[in-house]
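Asks: Could you work out the structure for the sequence below:
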Amino acid sequence: MVIKEIASLKPPTPEQQRIKAMQAQVKRAQEAVKAERARQKIKAGQAELSNAGQTL
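Replies: Just a heads-up that it's a prediction; the model follows:
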């Protein structure tokens, strides 16, 4: 990278920072939903296995 390129970078404006923060929040929420769905799927599978074991 050339020093000229580094010097030309400007700090983001408050509006740009707000947008980045909102995008990060959306990404964290999506990951939380994905993890919760996985937990519920695992719990349902474990319940199904325990029910299958009791019927035998």
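
Asks: Quick one: low-confidence residue ranges for this structure.
Replies: For the chain, applying pLDDT under 70 flags the ranges 1-7, 56.

Asks: Can you say which helix or strand has the spatially most central residue of the chain in it?
Replies: Most central in the chain under C-alpha atoms, centre = their mean is E31, positioned 2.5 Å from the mean C-alpha point. Secondary-structure assignment from DSSP states H and E places E31 in helix 14-55.

Asks: And that helix, what does it pack against?
Replies: Counting contacts by 3 or more C-beta pairs under 8 Å, 6 or more residues apart in numbering; DSSP states H and E, helix 14-55 packs against no other helix or strand. C-beta here means a position set from N, CA and C on the backbone, and glycine is covered the same way.

Asks: quick one: it to chain centroid distance?
Replies: How far helix 14-55 lies from its chain's middle: 8 Å, per C-alpha atoms, centre = their mean, to the nearest Å.

Asks: Could you export stretch 36-47 as CSV, CA atoms only?
Replies: The C-alpha trace of stretch 36-47 is given here as CSV (Å, rounded to 0.1, in the frame of the first residue of the first chain):
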residue,chain,number,x,y,z
GLU,A,36,-31.7,-20.6,18.9
ARG,A,37,-33.2,-22.6,16.1
ALA,A,38,-30.3,-25.1,16.4
ARG,A,39,-30.8,-25.4,20.1
GLN,A,40,-34.5,-26.0,19.7
LYS,A,41,-33.8,-28.6,17.0
ILE,A,42,-31.4,-30.4,19.2
LYS,A,43,-33.8,-30.3,22.1
ALA,A,44,-36.6,-31.8,20.0
GLY,A,45,-34.3,-34.5,18.7
GLN,A,46,-33.2,-35.4,22.2
ALA,A,47,-36.8,-35.5,23.3
